[in-house]
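[1] A predicted structure for the sequence below; I have some questions about it.
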Amino acid sequence: MNKKLIFGLASAGFAGLFWACGSGDIVKIDRDDTLFQYSLDDDPTTIDGIVQQAVSAYCSQFENYEQCMKDSQPGPMDATGSSSSAVAQSAANPYTNPINNSSQSQQQNPNSSGTVNPVSTPSQTQNPTSSTVIKPTSHSTPASSSSAPPAADPNAWGTCAPNVANGAIEKGKSVQWKVSLDQKKVPGGVSALTKGTFSWTFDGGGDPATKSGQGTSFQSVFVSYATSGVKNATVTVSSNGQTNTIKCSELNVTGAAITGCACTPSVKQVDIATGASVTWTVGGCKSSDATFVYDWSDGLSGGASAGGILNAKGTYTPTVTIKNSDNGMMTVTCAEVVAIDSNNPDYVIKKTQGDGAIKIPAGKTNVSLEVDAYNNQVFCQVARTDSPDGKISGTVNSMAISGADYVTVSMAAGTLKKGATLLFDLSVPATCGVQ
């Protein structure tokens, strides 16, 4: 028997929903209807899915797709056999013309369970099997609907970046781009991409320029670049009939290599109470293209040298990126400068010998002296609770101090005098003083 399901969507709410089974009469379709016809010969149990596909296809022509889907769900029948949701919505329906009066001659009989048993005409009532009962559906679109409009937001499904350290490669070498997808945002989940596709575009002279693939390999083919500069790529991901184009983060292709650069400061320690300044200088750079420019961090600016007055206590280690005209690049971290504040020390030693010793934490600490040391020695003693092996190492004013339990370091004459500031850098907490 030739079974067919025919839809006439005259307005939202299924006011023009009709069908015919077998060789029965096909009801008249309103002139404003959008007509959908499906064969049920193979599987008559798929009507629910067919209904949703037809409605989704119908609503895809309107700007407000989600509202159309919501308005177009079948509602409960009123006493006249018409869908109450269709009648109520006809006046305000923004998607189609008002309900045509000819549709009012159709009958639908709700059963006790809330499902709707359709009939073709008033004079030709049929008794469909349970598989042809149309059940009320929710107002949401199935995630697997192949008719839903594509996602509009860029990077809605995930992110993409060159799969290389620091986002940079040398000219002439190759790289793979990698896309990372959000399981919750890809229609049907990431596992659905076994039947999805990835369409890559590599701008800026990439070789190849485009490439498409299928399956769950989230990395592109290897792409090489014959020229230096900033390169871009995009990947269009398709899944369950929907697509999303993801813009990848930039790749920096460097040219003539730069090597040997070092950045050193003019002093290792400054006292911000005196307004002292510091200057860092880059030197030793080598390249076949030696036209260098310098990009400093931490608010510094200049050529091969940059600096100024430090206004806060702490350790300063700026970075500088050196580039040439072929986009060769090298970034170096400058040697540190410690800024202390003699007017506001972290700790103060007020007496000599053991009764003047104070507990100093591990790391860098500023310590001010209010006494003169008579033999210019700094001593530190370690507690077993702070260092189980009793060992300590570090520096005092850049002079090495190391040993077990009790250690000393001799300073230059006149260093340990009243008003002096010492910079401790210890591996473990210790009790320290001067003598």
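    Sure thing, it's come through.
[2] pLDDT-wise, which helix or strand of this protein ranks last?
    In the chain, no helix or strand scores lower on mean pLDDT, DSSP states H and E than strand 116-118, which sits at a mean of 28.
[3] Just after it, pick out the following helix or strand.
    strand 158-162 (DSSP states H and E).
[4] Flag every buried residue along that next one.
    G158, C160, P162 (16 or more other CB atoms under 10 Å). C-beta coordinates here come from the backbone N, C-alpha and C atoms, glycine included.
[5] Verify the stated contact: the first one with Q183.
    No - here G158 lies out of contact with Q183, judged by CB atoms under 8 Å, at a distance of 9.4 Å.
[6] Identify the contacts common to those two.
    When contacts are counted by CB atoms under 8 Å, 6 or more residues apart in numbering, G158 and Q183 are jointly contacted by no residue.
[7] surely I258 meets S287?
    Yes - between I258 and S287 there is a contact under CB under 8 Å: 4.4 Å.
[8] between these two, what contacts are shared?
    Counting by CB under 8 Å, 6+ apart, the common neighbours of I258 and S287 are N324, G328.
[9] Can you pick out the residue with more neighbours from these two?
    Neighbour tally, I258 and S287, criterion other CB atoms under 10 Å: the higher count belongs to I258, 24 against 20.
[10] Now the more buried one: phi and psi?
    phi -120, psi 130 (degrees, to the nearest 10).
[11] Please tell me how far it sits from G354.
    To G354, I258 is 54 Å away according to CB to CB, to the nearest Å.
[12] and if you look at S180?
    Taking CB to CB, one finds S180 at 60 Å from G354.
[13] Ok, N327 next?
    Taken as CB to CB, the span from N327 to G354 is 61 Å.
[14] Next: P345.
    21 Å.
[15] can you check G205 too?
    72 Å.
[16] And those two? Which one has more around it.
    More neighbours surround G205 than the other of G205 and G354, with 15 against 11 (other CB under 10 Å).
[17] Report the contact partners of the more buried one.
    G205 neighbours (CB under 8 Å, 6+ apart): Y225, A226, T227, K231.
[18] can I get the CA coordinates of stretch 249-260 in CSV?
    Extracted in CSV, the C-alpha atoms of stretch 249-260 (Å, rounded to 0.1, in the frame of the first residue of the first chain):
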residue,chain,number,x,y,z
SER,A,249,45.0,32.7,16.8
GLU,A,250,47.9,34.1,14.9
LEU,A,251,51.1,32.4,13.9
ASN,A,252,54.3,34.4,13.7
VAL,A,253,56.7,33.2,11.0
THR,A,254,60.2,34.5,11.7
GLY,A,255,62.8,35.3,9.1
ALA,A,256,66.6,35.6,9.6
ALA,A,257,67.4,34.2,13.0
ILE,A,258,68.7,36.3,15.8
THR,A,259,71.0,34.8,18.4
GLY,A,260,73.4,35.8,21.3
